[in-house]
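Asks: Using only what follows, build the 3D model:
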Amino acid sequence: MEYVIQAEQLVKVYGQGPTRVEALQGVDVSVRPGELFAIMGPSGSGKSTLLHVLGLTTEPTAGCLILDGEDLYRGRPRNFQRLRREKIGFVFQSANLIPFLTASENVLLPMELAARRRAPERVGELLDYLGVADRADKLPEQLSGGEKQRVAIARALANEPKVILADEPTAALDTERGLSVMRLLRQISNEHRTAILVVTHDERMISEADRVIHLSDGRVVDTG
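Replies: Below is the predicted model:
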């Protein structure tokens, strides 16, 4: 069975002795192309730590992580910065747009860093696809919360990633706009065959998900 990302028995430990915290305790995750995968759990359950490990911003203490067929912690050293830039897109709770760049400039930036050809043309295509082409020249402060997230999703799609990791992407939105963002992520996973992992604590936001796992104290306690 084809998977874009596979994690087996992931462990992440912070600190030592009395301050030791096992943020992840043997977590398994496998996500296919075009699958919308939700990760749920209360605060402190390990959701964000798992996303950081899957996003290659935090190295696991133990376990196996395979991205697009490449076993990342076995064999030769990997260029994680390059892998993040080329294969992973990120969407954050507060959009994290650069405040002094316009919407189009925010989307263009990752393509310039990757030296992508026809980058300006693709910016226009993405903003149009996400319904915010008319906001291209606006600064983030001039955008609504929903518009900011759509621009952030466009930025995440800029380099045609294999995986998009979304950390509480609807938390700053009301229910209607949150559900709109989730439906948009569902559309992207279907049309682009992108694997999308969404961390959320809101049960209302998982109706579009293909599968859901629940974390508690760093362990998977339920799957669906």
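
Asks: longest helix of the chain?
Replies: Of all the segments of type helix in the chain, defined by DSSP state H, the longest one is helix 175-192.

Asks: Now do that one, average pLDDT.
Replies: The predicted model assigns helix 175-192 a mean pLDDT of 91.

Asks: Show the subsequent helix or strand relative to it.
Replies: Scanning forward in sequence from helix 175-192 by DSSP states H and E, the next helix or strand is strand 195-200.

Asks: gap between that next one and the chain center?
Replies: Going by Cα atoms, centre = their mean, to the nearest Å, the spacing between the C-alpha centre of strand 195-200 and its chain's C-alpha centre is 6 Å.

Asks: which residue sits closest to Val13 in space, ignoring its chain neighbours?
Replies: Distances taken as Cβ to Cβ, 6 or more residues apart in numbering put Thr61 closest to Val13, at 4.5 Å, once the chain neighbours are dropped. Just so you know, the C-beta spots here come from the backbone N, C-alpha and C atoms, and that holds for glycine as well.

Asks: Oops, could you answer that again for Leu97 instead?
Replies: The spatially closest residue to Leu97, leaving aside those adjacent along the chain, is Pro140, at 4.2 Å (Cβ to Cβ, 6+ apart).

Asks: which ones are touching the spatially most central residue of the chain?
Replies: Here the mean C-alpha position of the chain is nearest to the C-alpha of Leu165 (Cα atoms, centre = their mean), at a distance of 1.0 Å. The neighbours of Leu165, taking Cβ atoms under 8 Å, 6 or more residues apart in numbering as the test, are 51, 54-55, 88-91, 196-197, 199.
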